[in-house]
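S.K.: Here is my input; please provide its structure:
(one chain, ligands or ions: 1)
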Amino acid sequence: MTDLPRPARPVLLGQNQYGKAETRVVRITRDGATHHIKDLNVSVALSGDMDEVHRSGSNAHVLPTDTAKNTVYAFAKEYGVESAEQFAVHLARHFVTSQEPIHRARVRVEEYAWERIGTSGTGPQAAGAAGTGHSFVRKGQETRLAQVTYDGASWEVVSGLTGLTVLNSTGSEFRGYARDRYTTLEETRDRVLATSVSGRWRFNWTDDAQEMPDWDESYEQTRKHLLQAFAETYSLSLQQTLYQMGARIIGHRGEIDEVRFSLPNKHHFLVDLEPFGLSNDTADAAVYVAADRPYGLIEATVLRDGCEPRIPVDLTDP
Ligand SMILES: O=c1[nH]c(=O)c2[nH]c(=O)[nH]c2[nH]1
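M.R.: Residues are numbered from 1 along each chain as shown. Okay, the predicted model is just below:
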């Protein structure tokens, strides 16, 4: 053994967690010729009494990440996937209650939605306008998110979505802003407002004694409220629209205490057609350049009065 330099002070192990990230599981159930599909990406992070594996290399407390992956598959088969949240609750409870050294489990689920493909009713496989029953197309680019954390006593459930792209072709202004010597932006009373919504919302369901929300119903209603607020707000800024989206959710959904949005402002600039002798008037057919970058990035949390913010400020943080 060579003499390793000894640190002047003892070294401490800080926060640690481990698990299997991004287990892709697709569950297909058959109801006669009509099939149903659930498509999930599941990430499990476990923590607890894990000093020894880091310090001495003893794996006695380490349930392999391979087992975590297998558990995801086995639970999908055995218990089904009622909703992303329910599935995550089930898994988190299992890891914390079945392994003594595991004190906390965080389970993240991304869910990809599929829609049925209708058919024209002419092909050999056709089963009328209702479709084949087994043909699907990925629904938009939107991904549903659920994150469940359990420490053996209390639950934290944060749901959300990402990649929900929305656009208002009028009903949006931006003017009256602060100016300095670098400001060149022209004020507008009629612009395109478009964004790709990333949102998270935290439930006030924290213990088993409380009745669990209907997760799917809650997701559908929350999504509907945020879309309606986007559509119905006459927007003076994306910040104001964001606040309306959050306030509408808090106002209508009693099971949710906190909402956070990250909204990229997907700028649509009118193209200068003067060089071609054309005017580009919004009253008539207008032509825009959809700029992909740089983009304004508007982020905020909207809270029920008296509640603590707990959703991380940066939604891209792991
Ligand atoms: O809705 C907006 N908010 C801003 O803060 C901003 N800044 C900017 O240049 N355009 C916009 N639009």
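S.K.: going forward, measure contacts between C-alpha atoms and count neighbours the same way
M.R.: OK.
S.K.: show me where the protein has strands.
M.R.: Using DSSP state E, the strands of the chain run over 23-31, 34-48, 102-116, 136-150, 155-168, 193-203, 256-265, 268-270, 288-290, 296-303.
S.K.: Let's have those strands in JSON lines, adding mean neighbour count, mean pLDDT and distance to Ile249.
M.R.: Below are those laid out as JSON lines (neighbours: other C-alpha atoms under 10 Å; pLDDT from 0 to 100; distance: least, C-alpha to C-alpha, whole Å):
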{"stretch": "strand 23-31", "mean neighbour count": "14", "mean pLDDT": "93", "distance to Ile249": "30"}
{"stretch": "strand 34-48", "mean neighbour count": "20", "mean pLDDT": "95", "distance to Ile249": "25"}
{"stretch": "strand 102-116", "mean neighbour count": "22", "mean pLDDT": "96", "distance to Ile249": "21"}
{"stretch": "strand 136-150", "mean neighbour count": "19", "mean pLDDT": "91", "distance to Ile249": "17"}
{"stretch": "strand 155-168", "mean neighbour count": "19", "mean pLDDT": "95", "distance to Ile249": "12"}
{"stretch": "strand 193-203", "mean neighbour count": "23", "mean pLDDT": "97", "distance to Ile249": "9"}
{"stretch": "strand 256-265", "mean neighbour count": "24", "mean pLDDT": "98", "distance to Ile249": "8"}
{"stretch": "strand 268-270", "mean neighbour count": "15", "mean pLDDT": "92", "distance to Ile249": "28"}
{"stretch": "strand 288-290", "mean neighbour count": "13", "mean pLDDT": "91", "distance to Ile249": "29"}
{"stretch": "strand 296-303", "mean neighbour count": "18", "mean pLDDT": "98", "distance to Ile249": "9"}
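S.K.: Nearest approach to Pro10 belongs to which of those strands?
M.R.: Across these, Pro10 has its closest neighbour in strand 34-48 (21.1 Å, C-alpha to C-alpha).
S.K.: do you know how far the residue nearest to Trp114 when sequence neighbours are not counted is from the ligand?
M.R.: Counting by C-alpha to C-alpha, 6 or more residues apart in numbering, Arg138 is the residue found nearest to Trp114 once chain neighbours are left out, at 4.5 Å. The gap separating Arg138 from the ligand is 31 Å, by C-alpha to the nearest ligand atom, to the nearest Å.
S.K.: what do you get for Gly118?
M.R.: From Gly118 to the ligand the distance is 39 Å (C-alpha to the nearest ligand atom).
S.K.: neighbours around the closest residue to that residue other than its chain neighbours, how many?
M.R.: The shortest distance from Gly118 to any non-neighbouring residue, by C-alpha to C-alpha, 6+ apart, is to Gly131 (3.9 Å). By the criterion of other C-alpha atoms under 10 Å, Gly131 has 18 neighbours.
S.K.: Just to check, Ser235 is in contact with Ser172?
M.R.: Yes - shown here, Ser235 and Ser172 form a contact pair, counting by C-alpha atoms under 8 Å, at 4.6 Å.
S.K.: So which of these two has more stuff around it?
M.R.: Using other C-alpha under 10 Å as the criterion, Ser235 and Ser172 rank with Ser235 on top: 23 against 20.
S.K.: Report the contact partners of that one.
M.R.: 171-173, 241 (C-alpha atoms under 8 Å, 6 or more residues apart in numbering).
S.K.: which parts of the stretch 151-300 of the chain sit against the ligand?
M.R.: By the rule C-alpha under 6 Å from any ligand atom, the part of the stretch 151-300 of the chain lying against the ligand is 174, 237-239.
S.K.: Determine which two of those are furthest apart.
M.R.: Every pair of those checked by C-alpha to C-alpha; the farthest is Phe174 and Gln239, at 10.7 Å.
S.K.: one step back: would you enumerate the residues in contact with the residue nearest to Trp114?
M.R.: By C-alpha under 8 Å, 6+ apart, the contact list for Arg138 reads 112-115.
S.K.: Just name the closest of the residues you listed to Thr162, please.
M.R.: In terms of C-alpha to C-alpha, no member of the contacts of Arg138 lies closer to Thr162 than Tyr112, at 10.7 Å.
S.K.: The closest one touches Leu40, doesn't it?
M.R.: Yes - between Tyr112 and Leu40 there is a contact at 6.3 Å, judged by C-alpha under 8 Å.
S.K.: hmm, back to that, which of the strands of the chain sits closest to Lys224?
M.R.: Short answer: strand 155-168, nearest of those by C-alpha to C-alpha, at 11.7 Å.
S.K.: Also compute the angle for the closest one relative to strand 136-150, please.
M.R.: 140 degrees (axes from the mean of the first three to the mean of the last three C-alpha atoms, to 10 degrees).
S.K.: Now do strand 155-168: everything it contacts.
M.R.: 85, 140-150, 192-207, 219, 231, 311.
S.K.: Parallel or antiparallel, which strands does it pair with?
M.R.: Note on strand 155-168: by DSSP bridges, its sheet partners are strand 136-150 (antiparallel), strand 193-203 (antiparallel).
S.K.: With distance to Leu315 added, can I get the contacts of Arg138 in a markdown table?
M.R.: A markdown table is the format used below for the contacts of Arg138 (distance: C-alpha to C-alpha, whole Å):
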| residue | distance to Leu315 |
| --- | --- |
| Tyr112 | 19 |
| Ala113 | 21 |
| Trp114 | 25 |
| Glu115 | 27 |
